[in-house]
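Peer 1: The amino acid sequence is not available; the structure is as follows:
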């Protein structure tokens, strides 16, 4: 099992999860984070820290595409180990549906 970041993170990117991760397995895109499933130790400390409830265990039904997205982008985006600035509209974007199709960016973030 591993944890994955889902579309609730897109354009929210609160980054509270980064601060608690003991193995630094988060990677930063322009407008979301992903978890490297090969580095995640399945400790679960990140899940309750996410205000957008975007982090879920990959054992939940329907998360296969998110596991693959996390795997793919964690290989090319920079590692992030410290919380950065939260987007100004994060709270407004928290419950917006279909963010993957509308807002996802493949561009990398700045990392830390």
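Peer 2: In hand now; what should we look at? This one's a predicted model, so the numbers in the text were calculated from it and none came from an experiment.
Peer 1: ok, how many other residues are close to the spatially closest residue to residue 50 that is not a sequence neighbour?
Peer 2: The spatially closest residue to residue 50, leaving aside those adjacent along the chain, is residue 17, at 5.4 Å (CB to CB, 6 or more residues apart in numbering). Where you see a C-beta, it was placed from the backbone N, CA and C, and this is true even at glycine. For residue 17, the neighbour count with other CB atoms under 10 Å is 27.
Peer 1: and if you look at residue 53?
Peer 2: Neighbour count for residue 53, taken as other CB under 10 Å: 14.
Peer 1: wait, what's in contact with residue 73?
Peer 2: Residue 73 makes contact with 27, 29, 34, 106, according to CB atoms under 8 Å, 6 or more residues apart in numbering.
Peer 1: how about the residue nearest to residue 50, secondary structure?
Peer 2: Recorded secondary structure, residue 17: helix (DSSP: H, G, I helix; E, B strand; the rest coil).
Peer 1: Serialize the contacts of residue 73 to a markdown table and add fields for distance to residue 58.
Peer 2: Below are the contacts of residue 73 laid out as a markdown table (distance: CB to CB, whole Å):
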| residue | distance to residue 58 |
| --- | --- |
| 27 | 16 |
| 29 | 19 |
| 34 | 12 |
| 106 | 21 |
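Peer 1: Among those residues, find me the one that's closest to residue 81.
Peer 2: residue 27 (10.4 Å; CB to CB).
Peer 1: from memory that closest one sits against residue 37, does it?
Peer 2: No: applying CB atoms under 8 Å, one finds residue 27 not in contact with residue 37, separated by 11.1 Å.
Peer 1: Next, show the common contact partners of the two.
Peer 2: Contact with both residue 27 and residue 37 is made by residues residue 74, according to CB under 8 Å, 6+ apart.
Peer 1: still on that earlier bit, quick one: which of the contacts of residue 73 is nearest to residue 85?
Peer 2: Distance to residue 85 across these (CB to CB) is lowest for residue 29, with 14.8 Å.
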